[in-house]
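Q: here is a sequence with its predicted model. Questions after.
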Amino acid sequence: MNNPLLNDEILPRFDHIRTEHMEVAIDQILSDNRMQIQNLATQPEPTWETLALPMQGLEDRLNKAWAVISHLNGVMNNDDLRKIYKRCLEKLTEYGTELSQNTELCESYKKLAAREDFSQLSEAQQKAINNTLRDFHLGGVDLPADKKTRYADLKRELAELSNTFSDNVLDATQNWSKLITDVNELAGVPESALEGAQQTAKSRDLDGYLITLDFPSFYPVMTYADNRELRREVYEAFVTRASDLGPDAGTWDNTQVMAEILKRRHALAQLLGFDNYAERSLATKMARSVDEVLGFLHTLAEKSRPVAEQDIADLKAFARQSHGVEELEAWDIGYYSEKLRQQRYDVSPEALRPWFPADRVVPGLFAVAEKLFNIQIEAKPEVQTWHPDATAYCISRDGEPVAWFYLDLFARQGKRGGAWMADCSVRWRNLSGHLQLPVAFLTCNFTAPIGDKPSLLTHDEVTTLFHEFGHGLHHMLTQVDVADVSGINGVAWDAVELPSQFLENWCWNPESLNLIASHHETGEPLPRDLLEKLLAARNFQAGMQMVRQLEFSLFDFRLHAEYTDTAPTIPLEMHRKVREGIAVVQSPEFNRFPNSFSHIFSGGYAAGYYSYKWAEVLAADAFSLFEERGIFDPDTGRAFLENILEKGGSREPMELFKAFRGREPEVDALLRQTGITQQPAAA
């Protein structure tokens, strides 16, 4: 069988890939790798060319095959693929642990690092080797045999548990729906959302309007539906997903899954000599200690909570005075917030949708990136993809291709919710001198076009698209030729959000908005009055938004930092405890938010969700230089490209930031940007 997952082509052959190719490819690559590693690990005088480069080649071949399988599991999920993915994940987890605990291989890398000519290697090569030695230690290479076995068991169990958590959230999200046949029950819901609900119903051979828990369906109901009981029903279904309560109580309950994950993470950390998993998490991050992270979060909370308290007081007063509502419930917050926004700024996300058609926003996003970083982006519709929604693109500079990416924008059945960037392949140069170009997957879940009507985005969705493309640029514009530190590889997790949050700023500037926004029917630019209202409303309820993110960050970090064998932290209790100290919006007793918090239980953000805020400080401070010099200033754009995007993980992020900004980051720019503190008065 000619297996397309084993072909060394720059782009995957999605038109040829079948589920029966997947496990066969993984088995073949793992077998080949094990055989070659045995030879690489036992050479007497390892060099970069005889050890590190061949190892990167083995890992690259495996990563490319797994990237495709993992991606398809996220965007085209079905029962067969899910089973294969799970079996492959078990094998990869076993292989990864085996590799990280290979004493001979570790000793070979130590010999390489101890060579007299080590200092003559490039900065990226030295960083890759030092990272590898660090990862050997974190992988348990120094442990005695019995503890190595325990470590391997824990890693395998954690991989299985995390996958179960993710499957439970997906199943719980996609199982619930509510068919409404009387459109009057959806009074207040915008026409675009009604059309989407009608199309969803038709796709399942139903008459009426089908409400689901996918964001393009859930959000309009919570924000616009006048029917308070409907809002409550949809809210309850959403916040009880994968839990012991709600419409599917107990069916996909993640309560015990979370407990088992936390137990094993703590055991893993202690095996490696850390007091808790939060300490283990920080071993690969910019932040240097648990106290530093907690101090950072509490400082932001101290500055933002008074603003959040004023936000909620204003909202309660508005709901009481304008609508006679004496007690705001959690399912009322989005609805009355939108009413208040419209009253205060005379603008709503729905009113802006016509100016943000996806087929205009995407070229506008590309135009922004092209101006900033001197690149050209071209669609390649002839390239085969996994679904008609997805399109391939090539990035070039001076006529030479530098990267490829796939864009998959719309929500559909079998596609994991949310938005993300994932690498398909990484830039690196092999022993023969061949340069492999980076390839990225960019995935969102926006409302699809309906009939002749294009997909119309909210401004928040535009910001999401820019965010993910920022991640993509970090991966694709790297100039590092060493795979282990190329693109986002080797970047400290609390710095990896810098480029993504940085690029969001171009969604808020009149000059860049001219490239992004035009009416889907008339082509006219965003009117000046709407632009001014959009900008004026930017920091609406900024205090509430800030403390909400800090709540998630503190919950995650304390959950892992305070866990002990004798007093294990319980997610629901910790969430309530954190909310008592910071939240300004009351949450109902039935809220089971932790049960679907995929970022920390099945994503890469365990004891690391604080990274969003940490990197937001970096991003706001970096953008402040563009504010000083002009948002499309070519010299500043080139400096960001050369010091941040091109360097990838080849240097420590603080060094790179200082090289760009001329100093260490300061929190003031973020507080000013979000309106938490006032702009300084003009001289």
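A: That came through, no problem. Numbers count the residues shown, from 1 in each chain.

Q: show me what the longest helix seen in the chain is packed against.
A: Identified as the longest helix of the chain according to DSSP state H is helix 290-323. Contacts defined by 3 or more Cβ pairs under 8 Å, 6 or more residues apart in numbering; DSSP states H and E place helix 290-323 against helix 277-282, helix 330-345, helix 542-561, helix 611-629. All C-beta spots, glycine's among them, are computed from the backbone N, C-alpha and C.

Q: contacts for the last one, please.
A: Contacting residues not belonging to helix 611-629 are listed as 285-287, 293, 296-297, 300, 493-502, 504-505, 549-550, 553, 605, 633, 635-637, 640, 644, 653, 657, 660-661, 665-667, 669-670, 672-673 [Cβ atoms under 8 Å, 6 or more residues apart in numbering].

Q: check which residues of it are buried.
A: Neighbour-count burial for helix 611-629, counted by 16 or more other Cβ atoms under 10 Å, picks out 611-626.

Q: cool, stretch 591-611 as well?
A: 591-603, 605-611.

Q: end-to-end on it?
A: Chord length of stretch 591-611, first to last residue, is 25 Å (Cα to Cα, to the nearest Å).

Q: next: stretch 9-23.
A: For stretch 9-23, the end-to-end distance is 19 Å (Cα to Cα).

Q: how about stretch 451-466?
A: Distance between the boundary residues of stretch 451-466 (Cα to Cα) amounts to 26 Å.

Q: and which of the buried residues of helix 611-629 is nearest residue 224?
A: Closest to residue 224 out of the buried residues of helix 611-629 is residue 612 (27.2 Å), distances taken as Cβ to Cβ.

Q: any idea how far that closest one is from residue 309?
A: Between residue 612 and residue 309 the computed distance is 22 Å (Cβ to Cβ, to the nearest Å).

Q: quick one: mark the members of the buried residues of stretch 591-611 that sit in helices.
A: 598, 599, 600, 601, 611.

Q: gap between the fourth one and residue 261?
A: Look at residue 601 and residue 261: by Cβ to Cβ, they are 6 Å apart.

Q: now the common contact residues for these two.
A: Common contacts of residue 601 and residue 261 (Cβ under 8 Å, 6+ apart): 162, 165.

Q: next one: phi and psi at residue 114?
A: phi -90, psi 0 (degrees, to the nearest 10).

Q: give me the pLDDT for residue 678.
A: Model confidence at residue 678, expressed as pLDDT, equals 56.

Q: my bad, residue 255
A: 98.

Q: can you give me the neighbour number for it?
A: Residue 255 has 18 neighbouring residues, counting by other Cβ atoms under 10 Å.

Q: please apply the same query to the one 4 residues further on.
A: Residue 259: 15 surrounding residues under other Cβ under 10 Å.

Q: am I right that it is in a helix?
A: Yes: using DSSP: H, G, I helix; E, B strand; the rest coil, the assignment for residue 259 is a helix.

Q: now do the SS call for residue 362.
A: Three-state assignment for residue 362 (three-state DSSP): helix.

Q: give me every residue that touches it.
A: By Cβ under 8 Å, 6+ apart, the residues touching residue 362 are 407, 409, 465.

Q: pull the CA atoms of the helix or strand encompassing the second one into PDB?
A: Translated: residue 409. When elements are assigned from DSSP states H and E, residue 409 belongs to strand 400-410. In PDB, the C-alpha atoms belonging to strand 400-410 read as follows (Å, rounded to 0.1, in the frame of the first residue of the first chain):
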ATOM      1  CA  GLU A 400      10.200  33.000  -3.300                       C
ATOM      2  CA  PRO A 401       7.800  30.800  -1.200                       C
ATOM      3  CA  VAL A 402       8.600  30.900   2.500                       C
ATOM      4  CA  ALA A 403       5.600  29.000   4.000                       C
ATOM      5  CA  TRP A 404       2.200  27.500   3.400                       C
ATOM      6  CA  PHE A 405      -1.000  27.400   5.400                       C
ATOM      7  CA  TYR A 406      -4.600  26.100   5.400                       C
ATOM      8  CA  LEU A 407      -7.500  28.100   6.500                       C
ATOM      9  CA  ASP A 408     -10.700  26.400   7.800                       C
ATOM     10  CA  LEU A 409     -13.200  29.100   9.000                       C
ATOM     11  CA  PHE A 410     -16.600  27.600   9.600                       C
END
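
Q: could you give the mean pLDDT of it?
A: 98.

Q: show me what counts as buried in it.
A: Result for strand 400-410 [16+ other Cβ under 10 Å]: buried residues 402, 403, 404, 405, 406, 407, 408, 409, 410.

Q: confidence score at residue 681?
A: For residue 681, the model assigns a pLDDT of 37.

Q: residue 548 too?
A: In this model, residue 548 is scored at 97, pLDDT.

Q: residues contacting it?
A: Residue 548 makes contact with 583, 585 under the criterion Cβ under 8 Å, 6+ apart.

Q: so residue 244 touches residue 592, yeah?
A: Yes: the criterion here is Cβ atoms under 8 Å, and residue 244 meets it with residue 592 at 7.4 Å.

Q: so which residues of this structure form strands?
A: Along the chain, counting by DSSP state E, strands occupy 177-180, 209-212, 376-379, 390-397, 400-410, 420-425, 428-429, 435-436, 439-446.

Q: right, so of the ones you listed, which gets closest to residue 94?
A: Closest to residue 94 of those is strand 420-425 (Cβ to Cβ; 22.3 Å).

Q: and that closest one, what does it pack onto?
A: Using 3+ Cβ pairs under 8 Å, 6+ apart, strand 420-425 is in contact with helix 53-75, strand 439-446, helix 459-476.

Q: residue 582 is nearest to which of the ones you listed?
A: helix 459-476 (23.0 Å).
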